[in-house]
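Novice: Let me see the structure of the following:
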Amino acid sequence: MTLSLKYRAHFFLIAFAVCLSSCVEEIPLNSENFEDAIVIEALVTNELKKHEIKLSQAFKIDSTRPNPLSGASIQVTGNRDYMFEEVEPGRYFSIDSFAARPGIEYELNIRVNGKEFKSDPTQLTGNSNIGELEANRINYLGEDGVAITLNNKSSPGGTNYYRYQYVETFKFNSNYFKHKDLILVDGLPVEVPKQKEEYTCYQTNNSQEIILANTNSLAEDRVSDLLIKFIDSEDPSLSNRYSLLVKQYVISRKAYNYYKILEELSESNNIFSQSQPRFFDGNIQSTNNPDENVIGFFDVSSVNTKRIYFNYGDFYNPEGIRPRFVPFALCEETLPSLDNLIEQLERNAVRWGGVTTSGGIYVLPARCVDCTFFGTNEKPDFWED
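Specialist: As a prediction, the model looks like this:
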């Protein structure tokens with residue numbers, strides 16, 4: 001299958017035009033001229049749930065982590081007032097569940113550290129269903145792998161602008177299935193039946209990149225062959241069974257331009273880590289200090305979701321060597337001395353591997369036997385085998 005690249009080319013031209021029209025003067029990306037800014041991640045959808053808002057303080061380029069902003073008073077106003085409470089540093093959830101409704105203007109109001117911030121009035125911009133998700137084995141930029149692409153249905157309202165997020169979940173196995181464990185009893189190693197599931201696990205990851213689509217210049221409002229995710233053939237996530245849940249948000253043109261600039265300027269997994277506050281023209285402003293730097297956009301969107309599953313054997317030889325978290329070359333059996341074995345068990349570094357003819361105990365690196373080093377052994381409620 002050939003992937004359509006017309007959307008990405010069109011996206012770049014729009015972002016470039018937005019930058020020119022805003023007369024943005026680029027600032028060298030170094031920590032000496034980095035300016036403090038509040039970072040606001042706020043999304044309200046038409047889903048009936050407790051919505052989340054994140055607050056943090058922008059951090060220097062040479063810093064390794066964001067600074068969550070605590071102690072804020074947050075309110076979303078619409079057909080009624082919705083208050084938010086802090087559940088952990090920088091993360092706020094609405095006290096009551098609610099769903100955004102068409103025709104109602106919503107505003108975000110934040111007070112923190114004596115500062116006040118307010119968003120522009122924002123409404124739902126329409127709705128559009130996801131038509132199909134497809135998975136195909138392709139060669140993408142010289143790499144073999146599986147591409148997941150999206151096609152959405154035409155919407156009579158002409159929504160035109162879309163943002164996508166995904167949640168990937170995959171099932172995988174450890175390198176070895178063992179039916180026994182080694183535990184320490186009174187300071188000595190003892191063989192026992194397997195204590196927990198360590199062979200089959202699941203891992204779940206949220207998307208980090210910004211994925212956008214724009215159908216404004218097309219004859220109809222239809223997204224075709226949009227690349228959502230490419231998975232390299234050597235990625236362990238392909239080794240057994242894979243699932244991707246795609247979320248499609250219908251957004252406004254202003255929201256699209258904001259996210260597009262973020263997409264073009266960001267080069268790391270954290271979209272705020274290497275970007276300067278004055279680059280961004282969002283819809284949230286300080287009400288008591290017009291010079292206050294704010295990075296953020298209050299988005300009110302309709303959302304539709306669709307999930308896809310596939311197996312390793314759908315695209316690759318099921319009898320072949322599957323990608324692993326730990327290469328088999330690093331899973332060598334060893335026969336440690338008693339003292340060494342006790343020390344390794346205390347560090348949770350090894351697992352039972354087998355028994356020699358003379359009664360000695362072979363061990364394997366724990367990461368080669370215990371899949372919970374890389375995920376959870378609890379099957380997700382939604383999972384379908």
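
Novice: give me the number of residues near residue 291?
Specialist: 5 (other Cβ atoms under 10 Å). Any C-beta I mention is one placed from the backbone N, CA and C, and that applies to glycine too.

Novice: any idea how far residue 378 is from it?
Specialist: Distance of residue 291 to residue 378, given as Cβ to Cβ, to the nearest Å: 50 Å.

Novice: Then residue 239?
Specialist: 19 Å.

Novice: Have a look at the two and say which one is more surrounded.
Specialist: Taking other Cβ under 10 Å, residue 239 and residue 378 do not tie; residue 239 has more neighbours (19 against 11).

Novice: ok, and for stretch 369-381, which residues are buried?
Specialist: Residues 369-371, 373-375 are the ones in stretch 369-381 that count as buried (16 or more other Cβ atoms under 10 Å).

Novice: which residues of the stretch 51-200 of the chain score low on pLDDT?
Specialist: For the stretch 51-200 of the chain, residues meeting the criterion pLDDT under 70 lie at 59-66, 153-158.

Novice: all strands for it, in order.
Specialist: 52-57, 67-68, 73-77, 81-88, 91-94, 107-112, 115-119, 130-140, 143-152, 161-173, 180-185, 188-193, 200-206 (DSSP state E, counting those that start in this stretch).

Novice: between those, which one is nearest to residue 247?
Specialist: Residue 247 lies closest to strand 161-173 among these, at 4.7 Å (Cβ to Cβ).

Novice: Skipping its backbone neighbours, what lies nearest residue 52 in space?
Specialist: Closest residue to residue 52 apart from its sequence neighbours, by Cβ to Cβ, 6 or more residues apart in numbering: residue 93 at 5.4 Å.

Novice: didn't the one you found look like it was pressed against residue 51?
Specialist: Yes - taking Cβ atoms under 8 Å as the definition, residue 93 is a contact partner of residue 51 at 7.0 Å.

Novice: between the two, who's got more neighbours?
Specialist: Neighbours were counted for residue 93 and for residue 51 using other Cβ under 10 Å; residue 51 has more, 20 against 17.

Novice: mind putting the strands of the stretch 51-200 of the chain in JSON lines, distance to residue 216 included?
Specialist: Shown next, in JSON lines, are these (distance: least, Cβ to Cβ, whole Å):
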{"stretch": "strand 52-57", "distance to residue 216": "29"}
{"stretch": "strand 67-68", "distance to residue 216": "36"}
{"stretch": "strand 73-77", "distance to residue 216": "28"}
{"stretch": "strand 81-88", "distance to residue 216": "32"}
{"stretch": "strand 91-94", "distance to residue 216": "32"}
{"stretch": "strand 107-112", "distance to residue 216": "26"}
{"stretch": "strand 115-119", "distance to residue 216": "24"}
{"stretch": "strand 130-140", "distance to residue 216": "19"}
{"stretch": "strand 143-152", "distance to residue 216": "14"}
{"stretch": "strand 161-173", "distance to residue 216": "7"}
{"stretch": "strand 180-185", "distance to residue 216": "60"}
{"stretch": "strand 188-193", "distance to residue 216": "62"}
{"stretch": "strand 200-206", "distance to residue 216": "28"}
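
Novice: For residue 341, find the nearest of these.
Specialist: Across those, residue 341 has its closest neighbour in strand 188-193 (5.6 Å, Cβ to Cβ).

Novice: and that closest one, how far from the chain's centre?
Specialist: Its chain's C-alpha centre and that of strand 188-193 lie 40 Å apart, by Cα atoms, centre = their mean, to the nearest Å.
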